[in-house]
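Colleague: any chance you can model this:
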Amino acid sequence: MDELTVSVRYVAMLRERRGRDAERLPVAAGTTIGELYDRLFPPPNVPVGYARNHAQVSADQVLADGDEVVFLPPVGGG
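Modeller: You can find the predicted model right below:
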């Protein structure tokens with residue numbers, strides 16, 4: 001199976017859990033953004049929104065080589 005490279009940026013609590021702001025990662029062709037999230041943060045995990053190349057997308061979006069991915073955790077406040 002072909003391998004792609006994507007850039008992942010981490011924000012808020014996910015940055016703390018991963019211990020970094022960003023990284024480039026290899027992914028198999030056909031991998032969805034939701035599958036990548038589950039790989040990086042195995043269930044049970046925090047529900048997040050997904051952004052690919054600065055646009056919000058659904059978890060079933062298939063990644064392409066060179067994509068920029070951001071996982072958007074819930075924002076607390078009150």
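Colleague: got the contact list for residue 12?
Modeller: Taking Cβ atoms under 8 Å, 6 or more residues apart in numbering, we find residue 12 in contact with 73, 75. Every C-beta, even on glycine, is put in place using the N, C-alpha and C of the backbone.
Colleague: gap between it and residue 48?
Modeller: Using Cβ to Cβ, to the nearest Å, we find residue 12 at a distance of 10 Å from residue 48.
Colleague: before we move on, what about residue 6?
Modeller: Plainly put, residue 6 is 16 Å away from residue 48 if you go by Cβ to Cβ.
Colleague: buried sites along the lowest-mean-pLDDT helix or strand in the chain?
Modeller: Across the helices and strands of the chain, mean confidence by mean pLDDT, DSSP states H and E is lowest for helix 12-18: a mean of 94. Using 16 or more other Cβ atoms under 10 Å as the test for burial, helix 12-18 gives residue 14.
Colleague: swap in stretch 27-47?
Modeller: 27, 31-37, 40-41.
Colleague: stretch 57-68 too?
Modeller: 57, 61, 63, 67.
Colleague: so for the last one, what's the pLDDT?
Modeller: With respect to pLDDT, residue 67 has a value of 98.
Colleague: isn't it up against residue 8?
Modeller: No - counting by Cβ atoms under 8 Å, residue 67 stays clear of residue 8, with 9.2 Å between them.
Colleague: thank you, goodbye.
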